[in-house]
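Novice: Return a 3D structure for these sequence lines:
(one chain, ligands or ions: 2)
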Amino acid sequence: MKILTTQPNISIDFHHKNLYTNDKNKNTLLLQLQQKPALLPAGYYFPINFKGDTDNIEKQLKQLENIHCPVCGVKMLSQNEMKRLLKQGQKITDVTMFCDWLEKNKDNINPKYRKFVESAKRNSQEFNTNSIDDLLKNMQESAFIASQNTIDEMKKIIEEAQNTKKFSDSDNVLLEECYIRLDNFDVKSTQGILKPIKNILIETIGNLENESEKPLYNSLIKKIFPVAEYQSFFNDFLYKKSNIPYKDIVLQKLFTPSSSNIQKIINYKNSTENIDVNYVLTCNECKIPKDGVFFSYHKDKPDIEKNFITYLEDISKNILNHQLTGHSEYPFGLINLVSKTSGNKYKVDIYKNPVLKELKIQNFEDYKNTIDFEPVNHEGIPCASCGNMTITHEQKLQLYKQVENTKDLKELYELLSNNKQYIGKKYYDTLREIGLILVKNPKISEIELISELRKYEALNIKNKLNKAIKLAEYLVPEASSNDQQLLTQFIQEAKTSFCENYDNKLFPYNKYNNLIKRTIYCVESEKIKTIHGYQFKEPIRKAFTRQGLLYPNKETIEKVGSISKVIAQDMFKGSIATIDHLVAKNRQGWENIANYVVMCKNCNNEKTNYSIMHWLDIHPPVAKNMQKYMDVIVDKLHKGEFKEEYMKKYPFVFAKCLKILTQGKAVIRFDSSKFEN
Ligand SMILES: [Zn+2]
Ligand SMILES: [Zn+2]
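Specialist: Ligands and ions are numbered 1, 2, ... in the order given. Next comes the predicted model:
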């Protein structure tokens, strides 16, 4: 898996530009999400359930445990966790245990209410009681005092406002009324204090003529809100009506705000958007009202960026522990959706986060299981490298049989011509030459034909060798003195060591290759090495493989009974479909559909362990042929020709892999109409 750590970030592109939204352009956003783009770029994550029947994401998310709220950061409680926790709480009868237990579960309490734990500890020490009910009674008293103090502060604010003397007489009357009503207010109201105090404020300050006094109202509400919320934990109301112990009601109130809920990121009414990544788990307190975009709504919450990352890590840990099956891409999809809908505010660098990185790697590893790669056994798959039609093993056997059944050279030639699409392009010259020889001399014997062909190929090699020599001679004058020496050495050896007659024997390619390694590949000039190095080597290597076709194995000739038939079979043999590893196996290429592609045997052999990047550099049409290959795969997928479930995922993971490995030089595009449903 070396390759992953050295790759740039794999970004999952949603293809929707300007997805950033606020309420003003929500309709545009909806429209963009509902219309599927005509062409999906490589790397587009299409939500396909890869592992077949898995529970929908909503159901599974709800059951996850140890997840922190992405907004406020509280450790949320699933339904099961909540039940467990409250049951534990019920069993506690001792004050010390109660305080320890609260401290232990503090993370599950919303930060706003964590002062409850501090208050419990303080009161247990101050009053030295062993009854939890007594402790709670004392805590309630403390809460009353806190509320009363707050109300006193509010009165002070009103007094100060009156002292500014900028109010009309009638407004002064309202301020006075507010002051008196607050002064008479009994904080021990059994039904909570928020509502009655709010009413007082609305009826008095809310009716001021002076419109600019709105901040006064807001500052008063802001003051009373937290203490009123806190005090509500101790409201006796429910307690008096039920048999449930007071303590358990208080605990329920304390932990319920942390229960986890499914929310939608894009939450507009009538939104039909049900893609996996549109779901997020939040605590009760961080739910959003209908109609909104989740992270835009919460954008001003403190620490939200940090809390979002913690949430992603929690989810990823769960996935790594085999939870949320079938949705292992969810954290990455979510990152993109949130980033796009928030104008890139929540950008997460996956590879800088150890947990997310581990999941990313694991997701690739998941496809690693050795699988029977279906496309290699399907008819009609073009080679992803040369674009020629490949043949399956069965097709090969059939063609071999047809070759053996031919009665003479003419029939054999016709069979080859009729099945030209299954012959590697590099043999087209040989095929044409056979045709020409047969036209000139229809009654030629097999031995004579082979001899003619061998002379033709030997001449071809000689021409290519002369071209290489000429190229070296051309490069000498401009080269540095060191390079001149090497080029001259090449010229001399090429002229002397390869001047034999190769009409009846194979060209010593290995010896030639060695010469290049010793001379051309040792020059200082990068230009000669990279651009011309290829010109010295490739044409001769190609000519040599064609010559090799004419010297088949003796045993095979004996078995088939005719050298020309073996040659014909070998011409087909190169088109057999094989699995090529984009990243070669001996370069730590992984066994994984993302790394698999069908290539003809010829290309696979030629590619050896070149990197796909280099292969693309020396064979530019590969980029086009990759698209051609994938178009056929997608078409077959569309027609339901593949049995294996993994094939639905294949186009996307392969396209992503190819795009990364070629740094965007080879990009596969998909016709989205083939991916409905
Ligand atoms: Zn929250
Ligand atoms: Zn090929």
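Novice: Surely residue 93 forms part of a helix?
Specialist: No. Residue 93: not assigned to a helix; according to DSSP: H, G, I helix; E, B strand; the rest coil it is coil.
Novice: what's the spacing between it and residue 262?
Specialist: Residue 93 sits 36 Å away from residue 262, going by CB to CB, to the nearest Å. C-betas here are computed from N, CA, C, even on glycine.
Novice: Quick check: next helix or strand after the helix or strand where residue 545 lies?
Specialist: Secondary structure assigned from DSSP states H and E places residue 545 in helix 533-549. Towards the C-terminus, the helix or strand next in line after helix 533-549, according to DSSP H and E, is helix 554-560.
Novice: Run through the neighbouring helices and strands of that next one.
Specialist: For helix 554-560, the packing partners by 3 or more CB pairs under 8 Å, 6 or more residues apart in numbering; DSSP states H and E come out as helix 563-573.
Novice: and the helix it packs on, what does it pack onto?
Specialist: Contacts defined by 3+ CB pairs under 8 Å, 6+ apart place helix 563-573 against helix 393-405, helix 409-418, helix 446-475, helix 533-549, helix 554-560.
Novice: which residues sit against it?
Specialist: Residues from elsewhere that reach helix 563-573 (CB atoms under 8 Å, 6 or more residues apart in numbering): 391, 396, 399-400, 403-404, 406, 409, 412, 415-416, 419, 422-424, 427, 430-431, 446, 449-450, 549-550, 552-553, 556-557, 560, 601.
Novice: Equivalent analysis for stretch 384-394, please.
Specialist: When contacts are defined by CB under 8 Å, 6+ apart, stretch 384-394 is touched by residues 376-383, 399, 421-425, 572, 575-577, 580, 597-600, 602-604, 607, 615, 619, 621-622, 624-626, 628-630.
Novice: Run a quick neighbour tally on the residue in the stretch 351-500 of the chain positioned nearest to ligand 1.
Specialist: Ranked by CB to the ion, the top residue of the stretch 351-500 of the chain for proximity to ligand 1 is residue 355, at 20.5 Å. Taking other CB atoms under 10 Å as the neighbour definition, residue 355 ends up with a count of 19.
Novice: Check which helix or strand it maps to.
Specialist: For residue 355, the enclosing helix or strand under DSSP H and E is helix 354-366.
Novice: tell me the mean pLDDT over stretch 65-84?
Specialist: Looking at stretch 65-84 alone, the average pLDDT works out to 94.
Novice: Kindly check the end-to-end length of that stretch for me.
Specialist: 12 Å (CA to CA, to the nearest Å).
Novice: Is ligand 1 within reach of it?
Specialist: Yes. Between stretch 65-84 and ligand 1, judged by CB under 5 Å from the ion, the touching residues are 69, 71, 72.
Novice: and for that stretch, what are the contacting residues?
Specialist: Counting contacts by CB under 8 Å, 6+ apart, the residues touching stretch 65-84 from outside are 62-64, 85, 107-111, 255-260, 280-283, 285-286, 298, 301, 303-304, 306-308, 310-312, 314-315, 317-318.
Novice: Next, the buried residues of it.
Specialist: Using 16 or more other CB atoms under 10 Å as the test for burial, stretch 65-84 gives 67-78, 81-82.
Novice: Give me the pLDDT for residue 21.
Specialist: At residue 21, the pLDDT value in this model is 30.
Novice: do residue 436 as well
Specialist: pLDDT, residue 436: 95.
Novice: Look at it and give its secondary structure.
Specialist: Per three-state DSSP, the secondary structure class of residue 436 is helix.
Novice: if I look at it, how far off is ligand 2?
Specialist: From residue 436 across to ligand 2, the span is 26 Å (CB to the ion, to the nearest Å).
Novice: What of residue 203?
Specialist: For residue 203, the distance to ligand 2 (CB to the ion) stands at 84 Å.
Novice: ok so, going back, nearest to residue 248, out of the helices and strands packed on helix 563-573?
Specialist: In terms of CB to CB, the element of the helices and strands packed on helix 563-573 nearest to residue 248 is helix 393-405, at 70.9 Å.
Novice: what's the angle between the closest one and helix 563-573?
Specialist: Angle, helix 393-405 to helix 563-573, by axes from the mean of the first three to the mean of the last three CA atoms, to 10 degrees: 160 degrees.
Novice: And helix 393-405, how far out from the chain middle?
Specialist: Helix 393-405 has its C-alpha centroid displaced from the chain centroid by 43 Å (CA atoms, centre = their mean, to the nearest Å).
Novice: which parts of it are buried?
Specialist: By neighbour count with 16+ other CB under 10 Å, helix 393-405 contains the buried residues 395, 396, 399, 400, 402, 403.
Novice: That one relative to helix 409-418, how many degrees between them?
Specialist: Using the same axes, to 10 degrees: helix 393-405 against helix 409-418 is 160 degrees.
Novice: okay if I get the helices and strands packed on helix 563-573 as TSV plus mean pLDDT?
Specialist: Rendered in TSV, the data for the helices and strands packed on helix 563-573 read as follows (pLDDT from 0 to 100):
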stretch	mean pLDDT
helix 393-405	93
helix 409-418	96
helix 446-475	95
helix 533-549	91
helix 554-560	88
